[in-house]
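1. The sequence isn't on hand, but the structure is:
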């Protein structure tokens with residue numbers, strides 16, 4: 001039998017490795033040990049079912065390589081050992097599963113024609129009407145976790161795209177924190193550095209120990225590795241963050 005669905009909305013791609021907001025999101029979704037090996041990001045989808053088959057959404061997405069978060073059966077979570085689960089707990093009056101087995105699948109909208117009660121000589125019967133009943137949810141069990149991730153500040157150097165990047169990135173951060181403690185103002189990059197020609201530019205504000213510094217950069221795509229403002233700012237942001245500055249791109253053109 002056919003199993004048909006359509007994806008009506010694709011949300012933000014959220015990393016789950018490589019930085020503190022991502023690791024917090026991972027723990028909120030899977031617990032400490034539930035994230036499947038090889039998973040580096042999650043994305044919220046809104047799906048409309050065109051047919052109704054058992055496990056349709058779970059099975060079809062898993063077959064494409066995108067199992068649902070928390071779905072142990074289809075590869076979306078690592079089942080916790082029985083000894084780690086202990087006795088089931090209740091959250092807000094409902095029985096709670098193990099953290100890694102909380103399936104992130106929820107009905108968000110329901111519409112149907114309200115039946116009409118008809119009475120005739122044979123008795124009562126339900127007949128279709130033209131009154132549509134529509135119900136929808138404003139959020140899901142995981143909405144607060146994604147909102148917290150979206151509000152977190154991620155610098156250009158704080159995101160990794162591969163699990164193999166995670167440990168080197170953490171090691172690099174430890175080394176950079178040590179180097180930042182011994183840096184001096186003479187090590188600051190040039191305040192203004194402009195390339196010849198008509199190019200994109202960025203204005204960056206850097207702050208450390210209560211003191212603010214401003215920097216301007218412009219570069220051609222060939223010089224900075226890409227056509228976007230993020231490419232122009234990348235090297236400068238990396239240098240400043242290595243020196244222990246907090247950075248913010250304040251403008252550009």
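-> Thanks, I have the structure now. Worth saying up front: this structure is predicted, and the values here are computed from it rather than measured.
2. Go through the helix or strand containing residue 111 and flag the buried ones.
-> Assigned by DSSP states H and E, residue 111 belongs to strand 109-113. Neighbour counts over strand 109-113 (16 or more other Cβ atoms under 10 Å) mark no residue as buried. Quick note: C-beta positions are derived from backbone N, CA and C, even for glycine.
3. and the helix or strand following that strand, what other elements does it pack with?
-> Once strand 109-113 ends, the next helix or strand along the chain (criterion: DSSP H and E) is strand 116-120. With contacts taken as 3 or more Cβ pairs under 8 Å, 6 or more residues apart in numbering; DSSP states H and E, strand 116-120 sits against strand 123-127.
4. which helices and strands does the strand it packs on pack with?
-> Against strand 123-127 (3+ Cβ pairs under 8 Å, 6+ apart) you get strand 116-120.
5. Need the distance between the two termini of stretch 12-25.
-> Chord length of stretch 12-25, first to last residue, is 13 Å (Cα to Cα, to the nearest Å).
6. Show the residue spans covered by the strands in this protein.
-> Secondary structure of the chain (DSSP state E): strands at 5-15, 41-49, 89-91, 94-96, 109-113, 116-120, 123-127, 132-136, 192-193, 200-208, 211-219, 246-252.
7. For residue 149, which of these is the nearest?
-> Shortest distance between residue 149 and the strands of the chain, using Cβ to Cβ, is found for strand 5-15: 5.0 Å.
8. in the closest one, what counts as buried?
-> 5, 14-15.
9. Looking at the residues you listed, which is nearest residue 111?
-> Using Cβ to Cβ, residue 5 comes nearest to residue 111 of those, at 16.2 Å.
10. Tell me what that closest one is bridged to.
-> residue 49 (DSSP bridges).
11. wait, isn't it in contact with residue 47?
-> Yes. If you go by Cβ atoms under 8 Å, residue 5 and residue 47 touch, sitting 5.4 Å apart.
12. Common neighbours of these two, please.
-> Listed as contacting both residue 5 and residue 47 by Cβ atoms under 8 Å, 6 or more residues apart in numbering are residue 57.
13. Now do the contacts for residue 216.
-> Residue 216 makes contacts with 191-194, 201-204, as judged by Cβ under 8 Å, 6+ apart.
14. Derive a ChimeraX selection command for the buried subset of those.
-> Entered in ChimeraX, the line below selects the buried ones among the contacts of residue 216, by 16+ other Cβ under 10 Å:
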select :201,202,204
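15. which of the contacts of residue 216 lies closest to residue 26?
-> Comparing the contacts of residue 216 against residue 26 with Cβ to Cβ places residue 204 closest, at 30.1 Å.
16. List the contacts of the closest one.
-> With Cβ under 8 Å, 6+ apart, residue 204 has these contacts: 214-217, 233, 236-237, 240, 247-250.
17. 10 Å instead, please
-> By Cβ atoms under 10 Å, 6 or more residues apart in numbering, residue 204 lies in contact with 189, 213-217, 232-233, 236-237, 240, 245, 247-252.
18. Quick check: the gap between it and residue 237.
-> Between residue 204 and residue 237 the computed distance is 7 Å (Cβ to Cβ, to the nearest Å).
19. All set, thanks.
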